[in-house]
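Engineer: build me a structure from this.
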Amino acid sequence: MFFLYQIILTLLFFISPIIIFFRIFKNKEHKIRYKEKFSIPSKKRIKGNLIWFHGASVGEILSVIPIVKNYEKDKSIHQILITSSTLSSSKILEKFKFKKTVHQFYPLDHIYITSKFLKYWKPSTAIFIESEIWPCMFKELKKRKIPLILLNARITKKTFDRWMILENFTKKIFRKITIAYPQNLETKLFLKKLKTNRVKSIGNLKFIEDKNEKFKKINNKLRSLFKSKKIWIASSTHPDEEIFCAKTHMELKKKIKNLITIIIPRHIHRANKIILDLERLNLNVTTHSSNSRNLDNIDVYIVDTFGETKKFHKICCSVFVGGSIIKRGGQNPLEAARYGAKILHGPNIDNFKDVYKTLSSLKISKKVTTPKELSSLIIFKKNKDRGDKIKKIGGKILKETILELDTLITDELKKT
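Structural biologist: Just a heads-up that it's a prediction; the model follows:
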């Protein structure tokens, strides 16, 4: 089975220039750094111990930033490598001024390319995040006796069923994982069924807060911008959800005159399409990138720039979290909840079932199915106690995670 997998990857390798060109044209690929996906590095490997974190995209990478910051201060770690697959995640990382952390795009999972990647970077420990399972890379890590940690592991029922189509092949892959830390009970059960060597529960990393004081002045500027307005946020929205939220705005506007709805689309390249859709509803729209200070007569404010979500979550009292009206499984609600916002979501939240169960039990979140229902639940007053409850959970998870990783990394460094 592994041989067949490599044949498929080899075919993809030969047609990859066409795929890369198309993705560059669509602004989904870096026009120079795409070479990193073929293990042609753009950064130098510094002598000494290197630990490697890999996550698919923005959410996975942001979940380990507090852990990365911890190891930035660790003198026994000389370099930290972060890899991801998306352009958006690389842009987010540019905003962090790390001293010994570098970013590269994750390489194609081909035996030649993965071997070349590991030969150059020589990580002492590999930490993969959530659902990142790559057969060839796992095999190469095992061959080189590099410990492989699956951190904040997430496997849905749908994903598990797909893996089980090739049961023997799948179990061979999962047995190459040194230890896995599942983010929920469902994943823990699936990991055990897949014969993962060691499975240990700590909690979901997404409860952890990344403290950053530099946002304080920026938050004051935003508060000043919206000081005379009533605002609520629709965050991480997908196609059709902006219309849902626009109709919510129209309902709210019947009783609130100085209202602005802030929309933060999951993919900002859709901003122009969203503007056209909302203008067809006779709504006045502006964008964050326009730097407009005059918000008179504005209905909807679209955040069309990278890395701005946290700033807006900090100043808002009600946040609708997208990916939940459409059948997407929902997006992460924890950042907004951490800042004391009331969380509103649609019925499709399979990606964060356990998280929403916790939020619901703490009376932080509420499900909605119609724009009228959403409009009736939006509030304009913060509840600090809500945020403190989330921060307490996150602090405990961060402490336990670092203790676990310290033990694994220290044991490995003693061998070198």
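Engineer: which ones are touching S84?
Structural biologist: The neighbourhood of S84, defined by C-beta atoms under 8 Å, 6 or more residues apart in numbering, consists of H54, G55, A56, S57, E60, I61, S90, L93, H103, F105, Y106. In short, each C-beta sits where N, CA and C put it, glycine included.
Engineer: identify the bridge partners of it.
Structural biologist: Beta-bridge pairing for S84 (DSSP bridges): F105.
Engineer: show the model's pLDDT score for the residue nearest to the spatial centre of the chain.
Structural biologist: By C-alpha atoms, centre = their mean, the chain has its centre lying nearest to G59, at 0.5 Å. pLDDT for G59: 86.
Engineer: that one falls within a strand, correct?
Structural biologist: No: counting by DSSP: H, G, I helix; E, B strand; the rest coil, G59 is not found in a strand; it is helix.
Engineer: what lies in contact with stretch 121-128?
Structural biologist: Counting by C-beta under 8 Å, 6+ apart, residues outside stretch 121-128 touching it are 41, 45, 49-55, 64, 81, 134, 141, 146-151, 405, 408-409, 412-413, 416.
Engineer: what's the weakest-modelled helix or strand in the chain?
Structural biologist: The weakest-scoring helix or strand in the chain, judged by mean pLDDT, DSSP states H and E, is helix 215-225 (a mean of 72).
Engineer: what strands line up against the following helix or strand past it, and which way round?
Structural biologist: Per DSSP states H and E, the first helix or strand lying C-terminal to helix 215-225 is strand 230-237. Here strand 230-237 has these sheet partners by DSSP bridges: strand 259-265 (parallel), strand 318-321 (parallel).
Engineer: give me whichever of those is most buried.
Structural biologist: Of all the strands paired with strand 230-237, strand 318-321 carries the top mean neighbour count, a mean of 27, counting by mean count of other C-beta atoms under 10 Å.
Engineer: mean confidence for that one?
Structural biologist: pLDDT averaged over strand 318-321 gives 98.
Engineer: who touches that strand?
Structural biologist: 232-236, 245, 248, 313, 330-333, 336, 341-345, 368, 374, 377-380.
Engineer: now F169: how far from L12?
Structural biologist: F169 sits 18 Å away from L12, going by C-beta to C-beta, to the nearest Å.
Engineer: circling back to that earlier point, of the contacts of strand 318-321, buried ones?
Structural biologist: By neighbour count, with 16 or more other C-beta atoms under 10 Å, those hold 232-236, 245, 248, 313, 330-333, 336, 341-345, 368, 374, 378 as buried.
Engineer: buried ones in the lengthiest helix in the chain?
Structural biologist: Scanning the chain for the helix with the most residues, using DSSP state H, yields helix 384-415. Buried residues in helix 384-415, counted by 16+ other C-beta under 10 Å: 386-387, 389-391, 393-394, 397-398, 401-402, 404-405, 408-409, 412.
Engineer: quick one: which of those residues is nearest T358?
Structural biologist: Comparing the buried residues of helix 384-415 against T358 with C-beta to C-beta places I393 closest, at 7.6 Å.
Engineer: setting aside sequence neighbours, what's the nearest residue to the closest one?
Structural biologist: F207 (4.8 Å; C-beta to C-beta, 6 or more residues apart in numbering).
Engineer: coming back round to it: wait, the residue nearest to the centre of the chain touches N332, no?
Structural biologist: Yes: the criterion here is C-beta atoms under 8 Å, and G59 meets it with N332 at 5.7 Å.
Engineer: overlap in contacts, these two.
Structural biologist: Joint contacts of G59 and N332 (C-beta under 8 Å, 6+ apart) are K206.
Engineer: which ones are touching the residue nearest to K229 when sequence neighbours are not counted?
Structural biologist: Using C-beta to C-beta, 6+ apart and skipping the chain neighbours, the partner closest in space to K229 is I260 (4.7 Å). The contact partners of I260, taken as C-beta under 8 Å, 6+ apart, are F226, K229, K230, I231, L295, I298, D299, V300, Y301.
Engineer: ok, 10 Å please
Structural biologist: I260 is in contact with 225-226, 228-233, 249, 284, 286, 295, 298-301, counting by C-beta atoms under 10 Å, 6 or more residues apart in numbering.
Engineer: which of those tops the neighbour count?
Structural biologist: I233 (28 neighbours; other C-beta atoms under 10 Å).
Engineer: show me the contacts for I129.
Structural biologist: 53-56, 59-61, 63-64, 67, 82, 84, 149-154, 183, 205.
Engineer: now with 7 Å?
Structural biologist: Contacts for I129 (C-beta atoms under 7 Å, 6 or more residues apart in numbering) come out as F53, H54, G55, E60, S63, V64, L151, N152.
Engineer: repeat that for N351.
Structural biologist: Counting by C-beta under 7 Å, 6+ apart, N351 has contacts G329, G330.
Engineer: and it, helix, strand or coil?
Structural biologist: N351 ends up helix, using three-state DSSP.
Engineer: how close does it sit to N332?
Structural biologist: For N351, the distance to N332 - C-beta to C-beta - is 8 Å.
Engineer: please apply the same query to W121.
Structural biologist: 29 Å.
Engineer: try K26
Structural biologist: K26 is 25 Å from N332, by C-beta to C-beta.
Engineer: wait, the residue nearest to I393 sits on I390?
Structural biologist: Yes: between F207 and I390 there is a contact at 6.2 Å, judged by C-beta atoms under 7 Å.
Engineer: re earlier: tally of neighbours for the residue nearest to I393?
Structural biologist: With other C-beta under 10 Å as criterion, F207 counts 22.
Engineer: wait, what's in contact with it?
Structural biologist: So F207 contacts L334, I390, I393, G394, I397 (C-beta under 7 Å, 6+ apart).
Engineer: and the closest residue to the last one other than its chain neighbours, how many neighbours?
Structural biologist: Spelled out, it's I397. Distances taken as C-beta to C-beta, 6+ apart put G203 closest to I397, at 3.9 Å, once the chain neighbours are dropped. When neighbours are defined as other C-beta under 10 Å, G203 has 20 of them.
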